[in-house]
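Engineer: got a structure for you, letters missing:
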């Protein structure tokens, strides 16, 4: 995960942060290619929890993502 584009975020501003997710160790390209189905897409999930301080108070939020497009989740 790369550092945020700016550690201090002004009200109404947008900052970015890039993250790369890799297949687990031991998953071969052939297996990923063979699993080009909606079933595999349903198995791939991302849970992101964001915590920060605002006005001296801790704020935390969690989001779940799933159903990624097949061209993002299988070897080409």
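Structural biologist: Done, it's in. What you see is a predicted model, and the numbers here were worked out from it, not measured in a lab.
Engineer: going forward, measure contacts and count neighbours with C-alpha atoms only.
Structural biologist: OK.
Engineer: in this structure residue 59 contacts residue 49, no?
Structural biologist: No: using Cα atoms under 8 Å, residue 59 is not in contact with residue 49, being 10.6 Å away.
Engineer: helix or strand next in line after the lowest-mean-pLDDT helix or strand in the chain, which one?
Structural biologist: Across the helices and strands of the chain, the lowest-confidence element by mean pLDDT, DSSP states H and E is helix 38-43, at a mean of 52. As assigned by DSSP states H and E, the chain's next helix or strand after helix 38-43 is strand 45-54.
Engineer: give the next helix or strand downstream of that next one.
Structural biologist: With DSSP H and E setting the assignment, the helix or strand that follows strand 45-54 is strand 57-66.
Engineer: check which helices and strands that next one sits against.
Structural biologist: For strand 57-66, the packing partners by 3 or more Cα pairs under 8 Å, 6 or more residues apart in numbering; DSSP states H and E come out as helix 38-43, strand 45-54.
Engineer: and residue 22, how close does it get to residue 44?
Structural biologist: Taken as Cα to Cα, to the nearest Å, the spacing of residue 22 relative to residue 44 amounts to 11 Å.
Engineer: also residue 21?
Structural biologist: Counting by Cα to Cα, the separation of residue 21 from residue 44 is 11 Å.
Engineer: pick out whichever of the two has more residues nearby.
Structural biologist: A direct count of neighbours by other Cα atoms under 10 Å for residue 21 and residue 44 places residue 44 higher, at 13 against 8.
Engineer: excluding its backbone neighbours, what's nearest that one?
Structural biologist: Closest residue to residue 44 in three dimensions, ignoring its sequence neighbours and counting by Cα to Cα, 6 or more residues apart in numbering: residue 66, at 6.2 Å.
Engineer: next one, pLDDT for that neighbour please.
Structural biologist: In this model, residue 66 is scored at 79, pLDDT.
Engineer: tally of neighbours for it?
Structural biologist: By other Cα under 10 Å, neighbour count at residue 66 equals 12.
Engineer: that one against residue 48, yeah?
Structural biologist: No: between residue 66 and residue 48 no contact is recorded; they are 11.5 Å apart, counting by Cα under 8 Å.
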